[in-house]
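Novice: After the sequence you'll find the predicted model.
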Amino acid sequence: MGRRRKKRKQKNSKGLPMIVFVVAAFSIVLLIYSQSLKRQSEELAQKKAVIEKKLEQEEQRTKDLEELEKYMQTKKYVEEVAKERLGLVYPDEILIEPSND
């Protein structure tokens, strides 16, 4: 009986180092993969911040354009364009131009 027990112990002890090696290798692979995912997550967070900043800028630009559109529909804007670009004046208005001396 003593011999049978020794053989069983020897069989179990041969498989243990292999199991430890497989678990260690699996752990190392998981560690490397998790580091890669962490770097990728950081890069995506940076890209997200840049995109959010651009979105805010574009939203502000949209607001500015809407305000400009409203202003362009006013009588005051039409008068300014008529005076500046077309040189038009009201009938009772007198223009005094500076001399080019």
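Specialist: Good, I have the coordinates. This structure is a prediction, so every number in the text was calculated from the model and none was measured.
Novice: how many other residues sit next to residue 83?
Specialist: Residues near residue 83, counting by other C-beta atoms under 10 Å, number 14. For the C-beta atoms, the positions are set from N, CA and C on the backbone; glycine is no exception.
Novice: got it, and the one 10 residues further on?
Specialist: Taking other C-beta under 10 Å as the criterion, the count of residues near residue 93 is 8.
Novice: try residue 76
Specialist: The local packing of residue 76 (other C-beta under 10 Å) involves 8 other residues.
Novice: Repeat that for the one 5 residues further on.
Specialist: With neighbours defined by other C-beta under 10 Å, the count for residue 81 comes to 12.
Novice: so where's this structure uncertain?
Specialist: Applying pLDDT under 70 to the chain flags the ranges 1-13, 101.
Novice: Of all residues in it, which one is nearest the centre?
Specialist: In the chain, the centroid-proximal residue (C-alpha atoms, centre = their mean) is residue 48; its distance is 2.4 Å.
Novice: any idea which helix or strand carries that one?
Specialist: For residue 48, the element it lies in under DSSP states H and E is helix 2-72.
Novice: mind checking how far that helix is from the chain centre?
Specialist: 18 Å (C-alpha atoms, centre = their mean, to the nearest Å).
Novice: Where does residue 93 sit: helix, strand or coil?
Specialist: Secondary structure, DSSP: H, G, I helix; E, B strand; the rest coil: residue 93 is coil.
Novice: distance of it from residue 87?
Specialist: For residue 93, the distance to residue 87 (C-beta to C-beta, to the nearest Å) stands at 12 Å.
Novice: Likewise for residue 74?
Specialist: In terms of C-beta to C-beta, residue 74 sits 21 Å off from residue 87.
Novice: Please save the CA atoms from the strand or helix carrying residue 82 in CSV.
Specialist: Taking DSSP H and E as the criterion, the element that holds residue 82 is helix 75-84. Provided in CSV are the C-alpha atoms of helix 75-84 (Å, rounded to 0.1, in the frame of the first residue of the first chain):
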residue,chain,number,x,y,z
LYS,A,75,-33.6,98.6,-40.8
LYS,A,76,-30.4,99.9,-39.2
TYR,A,77,-28.3,97.3,-41.1
VAL,A,78,-29.9,98.2,-44.4
GLU,A,79,-29.1,101.9,-43.8
GLU,A,80,-25.5,101.1,-42.9
VAL,A,81,-25.0,99.0,-46.1
ALA,A,82,-26.7,101.7,-48.2
LYS,A,83,-24.4,104.4,-46.8
GLU,A,84,-21.2,102.5,-46.7
